[in-house]
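J.: Pasting the sequence and the predicted model now:
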Amino acid sequence: MADRTRALLDAGIALTSELSLDTLLEKLAGTAAELTGARYAALGVIDPTGRELERFVAHGVDAETHAAIGDLPRGRGILGVLIRDAEPLRLHDLAGDPRSVGFPPNHPLMKTFLGVPIMLRGVAYGDLYLTEKEGGEDFTAEDQEIVTLLAGQAAVAIENARLYQSSQRWADQLESLIEVGNALATETDLDDVLNLVVRHVRELIQARLVVIILPTSDGALRIDAADGEGADELLGMGLERNASKSGLILERRQSELVDSVLEDPEIDREVARRMGMHAALYVPMLARDQAIGVIHAVDKLVADRRFTNEDRKLVEIFASRAAVAVDQSRRIERDAFRRMVEAQELERRRLARELHDETGQALTSILLGLHGLEEKDGEGLRAAAADLRELVVETLHDVRRLAVELRPKALDDFGLVAALQRLTETFSEQTGIAVDLESRLRENERLPSEVETVLYRIVQEALTNVVKHARAERVSIVLTPKDGAVSAVIEDDGRGLKPGENGSGLGLIGMRERVALVDGRLQIESPEEGGTTLVVEVPLR
């Protein structure tokens, strides 16, 4: 007994000095087998739920037998009894106990059994399992006592190792967060920031692959950053928003752990195949209460590949940083585009004014001069003057038309409705296509200048598309006020979009960018029976 006590003290000293949890578990199993004379020993670590095992380390079983047995136990049968009861258990015949569920194929035969919980301050960390005592004897009360003492030391050692690993993880996380924070403050290239985020996330949660998925301008999804196995092949890959798990995560704005991809009907099988996915973690990137992207992690580098709630919480921290980067980049792009559009409108206004006031007046003066010239004698002179007069009239008409297209004076002087009335009347005269314009706005109501400009340009572009593509006979335009917003519905009776078309070649991208400048939204609808409907809604701020 004295030798065993000395061995126990030596083992305790060795265990408490070990900070690697995996190495610690292996030493524990080996020490327990040595102290009791057991041929086989194992140690199971209980998961945070307290219902099953998250780790299982065996001693006395070679690698070939390990591979033949297959999946490690989760805590059924006798192992489950120890998890539930947290009391020592000795058995003469393991397989003969009615609570036993038997052994899997290729498992070594085991008869005698001793199980002891690893407890500290009333919390169960795991269990020690010993089988096949030398000589075929049963495990004794003395064996149980010595292993119980070892389990007590082991609980302290496990807690120390976990605390150390936790402190190391937090140090790594803090360092990573500082680096990402510095990048947000100094880096202007969004791709560099996103690549930094996926690299740190993958390293910290030990994932096989991490990607960032962002919406595109046409409403689909695309992988914009990737790190890990197969990252280069996945970068830039498109996903269907309505048929992918990432699209659903964007809508729900909730993180989700997927322990088994095969059991989740929402996951796109083709995407799962391309990524070689078994388990997954999805975290939305939230900024200003909006989901603007998704961080998707694939397969944790552990035996069962499942991610934990701790992984989820960590990725959520990085997702908030990545969301700030994307939102900041989009704001910069929008501000730059806004300034460009405003500059274009100012230049159009100046050109329209010059064409109307200077060039138009000069041509009018020429007409007046020609009128005097026509009163002089000479048939040929009068004919030449008449031809020149006709040319000047046509030129003056073109100049005025160009001035209106550049920036209709009515838009600045009388507002959106008056400008659209002039636009639709001219459109109908030139094309023969009937246009019904209905305004439900209050009479003489003026909208913010930026909103009026956006809606006017959208209608102008839509009418251009009708002429070029729709083959329509009639167009309907309806302006409607809403709570804090105004909508424009532009509908034609033309051929509609052909199957496979998404409207991207009809100026829709430019329309979306204009609407996005004022935080509005644009939808395009084209039923099978024909016709196209544009719905624009712009907030009044």
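T.: Looks like it came in fine. Residues are numbered from 1 along each chain as shown.

J.: what about the helices in the stretch 201-350 of the chain?
T.: Listed in chain order, the helices of the stretch 201-350 of the chain (DSSP state H, counting those that start in this stretch) span 231-234, 245-252, 269-275, 309-354.

J.: Please spell out which residues along the first one are buried.
T.: It stands for helix 231-234. Ala231, Leu234 (16 or more other CB atoms under 10 Å). No exception for glycine: its C-beta is placed from N, CA and C like everyone else's.

J.: How far does that helix sit from its chain's centre?
T.: Average the C-alpha atoms of helix 231-234, do the same for its chain, and the two points are 17 Å apart (CA atoms, centre = their mean, to the nearest Å).

J.: Between the helices of the stretch 201-350 of the chain, which has the poorest mean confidence score?
T.: Mean pLDDT is lowest for helix 309-354 out of these, coming in at a mean of 71.

J.: Quick check: which element contains Pro104?
T.: Taking DSSP states H and E as the definition, Pro104 sits outside all helices and strands.

J.: Excluding chain neighbours, what is closest to it?
T.: Ile69 (5.8 Å; CB to CB, 6 or more residues apart in numbering).

J.: The one you found contacts Ala58, correct?
T.: No. With contact defined as CB atoms under 8 Å, Ile69 and Ala58 do not form a contacting pair (9.2 Å).

J.: Please identify which helix or strand holds Ala42.
T.: Mapping Ala42 onto the secondary structure by DSSP H and E places it in strand 38-46.

J.: Pull up the pairing partners for that strand, direction included.
T.: Each strand that strand 38-46 pairs with, and the sense of that pairing, follows from DSSP bridges: strand 53-59 (antiparallel), strand 123-133 (antiparallel).

J.: Any buried residues in the longest one, and which?
T.: Buried residues in strand 123-133, counted by 16+ other CB under 10 Å: Ala124, Tyr125, Gly126, Asp127, Leu128, Tyr129, Leu130, Thr131, Glu132, Lys133.

J.: What of stretch 278-286?
T.: For stretch 278-286, the neighbour count (16+ other CB under 10 Å) marks His278, Ala279, Ala280, Leu281, Tyr282, Val283, Pro284, Met285, Leu286 as buried.

J.: Please apply the same query to stretch 36-53.
T.: Taking 16+ other CB under 10 Å as the basis for neighbour counts, the residues of stretch 36-53 that come out buried are Thr36, Ala38, Arg39, Tyr40, Ala41, Ala42, Leu43, Gly44, Val45, Ile46, Asp47, Leu53.

J.: Which of the residues you listed sits closest to Ala231?
T.: Distance to Ala231, by CB to CB, is smallest for Asp47 among the buried residues of stretch 36-53, at 30.2 Å.

J.: Grab the nearest non-local neighbour of that closest one.
T.: Counting by CB to CB, 6+ apart, the nearest residue to Asp47 once its immediate chain neighbours are dropped is Glu54, at 3.7 Å.

J.: gap between the one you found and Asp304?
T.: Relative to Asp304, Glu54 is positioned 8 Å away (CB to CB, to the nearest Å).

J.: Need phi/psi at Glu529.
T.: With angles defined as degrees, to the nearest 10, Glu529 sits at phi -80, psi 0.

J.: quick one: it and Arg495, what's the gap?
T.: Relative to Arg495, and taking CB to CB, Glu529 is found at 10 Å.

J.: and if you look at Asp227?
T.: Counting by CB to CB, the gap from Asp227 to Arg495 is 46 Å.

J.: got it, and Ser428?
T.: Separation of Ser428 from Arg495 (CB to CB): 20 Å.

J.: that older thread, please identify which of Glu54 and Asp304 sits among more neighbours.
T.: Legend: neighbour count by other CB atoms under 10 Å for Glu54 and Asp304, higher for Glu54 (19 against 15).

J.: Count the neighbours of the closest residue to Ala485 other than its chain neighbours for me.
T.: Here the nearest residue to Ala485 in space, its sequence neighbours aside, is Pro539; by CB to CB, 6+ apart that works out to 4.8 Å. Using other CB under 10 Å, the number of residues around Pro539 comes to 15.

J.: Break down the stretch 151-300 of the chain into its strands, ranges please.
T.: Using DSSP state E, counting those that start in this stretch, the strands assigned to the stretch 151-300 of the chain run over residues 207-215, 221-228, 238-239, 256-258, 280-287, 290-300.

J.: From the contact counts, what lies against the first one?
T.: Applying 3 or more CB pairs under 8 Å, 6 or more residues apart in numbering; DSSP states H and E, one finds that strand 207-215 makes contact with helix 190-205, strand 221-228, helix 231-234, strand 290-300.

J.: what about the spatially most central residue of the chain, distance to Gly276?
T.: In the chain, the centroid-proximal residue (CA atoms, centre = their mean) is Val294; its distance is 1.7 Å. Using CB to CB, we find Val294 at a distance of 19 Å from Gly276.

J.: Helix or strand with the lowest mean pLDDT in this structure?
T.: The element with the least model confidence among the helices and strands of the chain, by mean pLDDT, DSSP states H and E, is helix 2-16, at a mean of 52.

J.: First-to-last residue distance for stretch 261-278?
T.: For stretch 261-278, the first-to-last residue distance is 5 Å (CA to CA, to the nearest Å).

J.: actually stretch 489-509, not the one I typed
T.: For stretch 489-509, the first-to-last residue distance is 18 Å (CA to CA).

J.: Let me see the mean pLDDT of it.
T.: Average pLDDT, stretch 489-509: 71.

J.: ok so, going back, just send the buried residues of strand 123-133 back as JSON lines, with pLDDT too.
T.: Supplementary listing: the buried residues of strand 123-133 in JSON lines, determined by pLDDT from 0 to 100:
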{"residue": "Ala124", "pLDDT": "77"}
{"residue": "Tyr125", "pLDDT": "78"}
{"residue": "Gly126", "pLDDT": "82"}
{"residue": "Asp127", "pLDDT": "87"}
{"residue": "Leu128", "pLDDT": "88"}
{"residue": "Tyr129", "pLDDT": "89"}
{"residue": "Leu130", "pLDDT": "91"}
{"residue": "Thr131", "pLDDT": "92"}
{"residue": "Glu132", "pLDDT": "91"}
{"residue": "Lys133", "pLDDT": "90"}
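
J.: Could you export these as TSV, including distance to Glu145?
T.: Rendered in TSV, the data for the buried residues of strand 123-133 read as follows (distance: CB to CB, whole Å):
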residue	distance to Glu145
Ala124	19
Tyr125	19
Gly126	19
Asp127	16
Leu128	13
Tyr129	17
Leu130	13
Thr131	18
Glu132	20
Lys133	15
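
J.: buried sites along the helix or strand where Thr453 lies?
T.: In the assignment (DSSP H and E), Thr453 maps to helix 449-465. Within helix 449-465, the residues that count as buried by 16+ other CB under 10 Å are 450-459, 461-463, 465.

J.: Same question for stretch 488-495.
T.: Going by neighbour count (16+ other CB under 10 Å), the buried part of stretch 488-495 is Ala488, Val489, Ile490, Glu491, Asp492, Asp493, Gly494.

J.: Quick check: strands, which of those residues are part of them?
T.: The strands, defined by DSSP state E, take in Ala488, Val489, Ile490, Glu491, Asp492 from those.

J.: Adding mean pLDDT and distance to Ala86, write the strands of the stretch 151-300 of the chain out as TSV.
T.: Supplementary listing: the strands of the stretch 151-300 of the chain in TSV, determined by pLDDT from 0 to 100; distance: least, CB to CB, whole Å:
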stretch	mean pLDDT	distance to Ala86
strand 207-215	91	33
strand 221-228	91	39
strand 238-239	88	47
strand 256-258	91	27
strand 280-287	89	31
strand 290-300	89	28
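
J.: Figure out which of those strands is closest to Leu89.
T.: Comparing those against Leu89 with CB to CB, the closest turns out to be strand 290-300 (32.1 Å).
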